[in-house]
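Colleague: Here is my input, please return the structure:
(2 chains)
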Amino acid sequence: MNEKKNEIFDLIKMVIDKKNNSSLNQKIEFNADADIRDNYGLDSLDLAELTVVIEDRYGIDIFETGIVSTINEISEKLKE
Amino acid sequence: MIKKNKFQIIELGFRDCDQIAKVHMDAFPKSIFTIIGKSCVLKYYQWQFSEISRYDKLIYSYGIVNKNKLSAYTIFGKPRIALYGFIRKNKWFLFTKTIKLLPLFNLYHLKTILYGFKFYLKKKMFKSNNSNKNMVIFDNDRIGILITATTKDDDGRGFGTALMKKAEKVGKSDGFKYITLSVRSENINAIKIYQIHGYKKVIDKSGNWLNNEMIKQIN
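Modeller: Reported below is the predicted structural model:
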């Protein structure tokens, strides 16, 4: 379970790296219960990209059946 | 302990127009309806729910709520040109309000008003030439997202995406082949997001983007 949360965190970092066009200059801390928008500064476009990379990896659309706002909630969706 | 999701997707109806109008005014502070005032925004949504829905469940609306407060909403359905019906029905209300508030409008607003007026005349001519009694034009194989809005505070939470997925799901289960939406060409981020989620621009034979429309096959 924790492994999956770390994987999701890595994907978030990947989206942020892509946005900043660099390899994570800013250090971000893992917090599975924090709001991903507020904690990692993701905007709508980043979130759309995150949805796609998660769907590519796990075959699940996290917004298909509702709203997710934390790594824990994403992880729960992947379990369903 | 995992924090439970506070936000829920619920179905909206006529009784929710007041909250919907508030979200609209927050999300689109520069829209003509917002500038005209809450009475106009409210009238528009009340019209959506009362007039269009008399065509038997052709309009759907869902919203995202947290503690009874609406944060985002979407309205989608079979009507293709819903705005025309509203302009037609409320032309004198809109005309008098527009004249009164003319000094508040900028160039973009004036262009939109002119476009609306041209659109109204065009449809009026279309109607008289074709004896089409319907004031709203429908498509049978596609469902269209008419509007999606999120309050500024909740922007970036994926509410628009969640509501778009809901519209796709409802459209798919009701047997529609396509889902469409319109987006302003300068809204680059929104266009990218729709493209990421599989929407494509509707292009004519010359390669021009038609009516700022985007389409996705759902069935």
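
Colleague: Show me where chain A has its helices.
Modeller: A:2-20, A:36-40, A:44-58, A:71-79 (DSSP state H).

Colleague: Against which helices or strands is the shortest one packed?
Modeller: Read it as helix A:36-40. If contacts are counted by 3 or more CB pairs under 8 Å, 6 or more residues apart in numbering or on different chains; DSSP states H and E, helix A:36-40 sits against helix A:2-20, helix A:44-58. C-betas here are computed from N, CA, C, even on glycine.

Colleague: What of the third one?
Modeller: Contacts defined by 3+ CB pairs under 8 Å, 6+ apart place helix A:44-58 against helix A:2-20, helix A:36-40, helix A:71-79, helix B:159-173, helix B:188-196.

Colleague: Now these in JSON lines, please, with extra columns for mean pLDDT and distance to B:Tyr60.
Modeller: Shown next, in JSON lines, are the helices and strands packed on helix A:44-58 (pLDDT from 0 to 100; distance: least, CB to CB, whole Å):
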{"stretch": "helix A:2-20", "mean pLDDT": "89", "distance to B:Tyr60": "31"}
{"stretch": "helix A:36-40", "mean pLDDT": "90", "distance to B:Tyr60": "27"}
{"stretch": "helix A:71-79", "mean pLDDT": "92", "distance to B:Tyr60": "24"}
{"stretch": "helix B:159-173", "mean pLDDT": "93", "distance to B:Tyr60": "6"}
{"stretch": "helix B:188-196", "mean pLDDT": "93", "distance to B:Tyr60": "19"}
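
Colleague: Show me which of those has the highest average neighbour count.
Modeller: Comparing those by mean neighbour count (mean count of other CB atoms under 10 Å in any protein chain shown), helix B:159-173 ranks first with a mean of 21.

Colleague: how about that one against chain A, any contact?
Modeller: Yes. Remark: helix B:159-173 sits within contact range of chain A at B:Phe159, B:Gly160, B:Thr161, B:Ala162, B:Lys165, B:Lys169, by CB under 8 Å from any CB of the partner chain.

Colleague: And for stretch B:198-208?
Modeller: No. For stretch B:198-208, no contact with chain A is found by CB under 8 Å from any CB; the gap never falls below 9.7 Å.

Colleague: ok so, going back, export the helices and strands packed on helix A:36-40 as a markdown table, with columns for distance to B:Ser185.
Modeller: Below are the helices and strands packed on helix A:36-40 laid out as a markdown table (distance: least, CB to CB, whole Å):
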| stretch | distance to B:Ser185 |
| --- | --- |
| helix A:2-20 | 23 |
| helix A:44-58 | 17 |
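
Colleague: Of all these, which one is nearest B:Leu146?
Modeller: Closest approach to B:Leu146 among those is made by helix A:44-58 (19.5 Å; CB to CB).

Colleague: the bottom helix or strand of chain B by mean pLDDT?
Modeller: Taking mean pLDDT, DSSP states H and E as the measure, helix B:107-130 is the helix or strand of chain B with the lowest mean score, a mean of 68.
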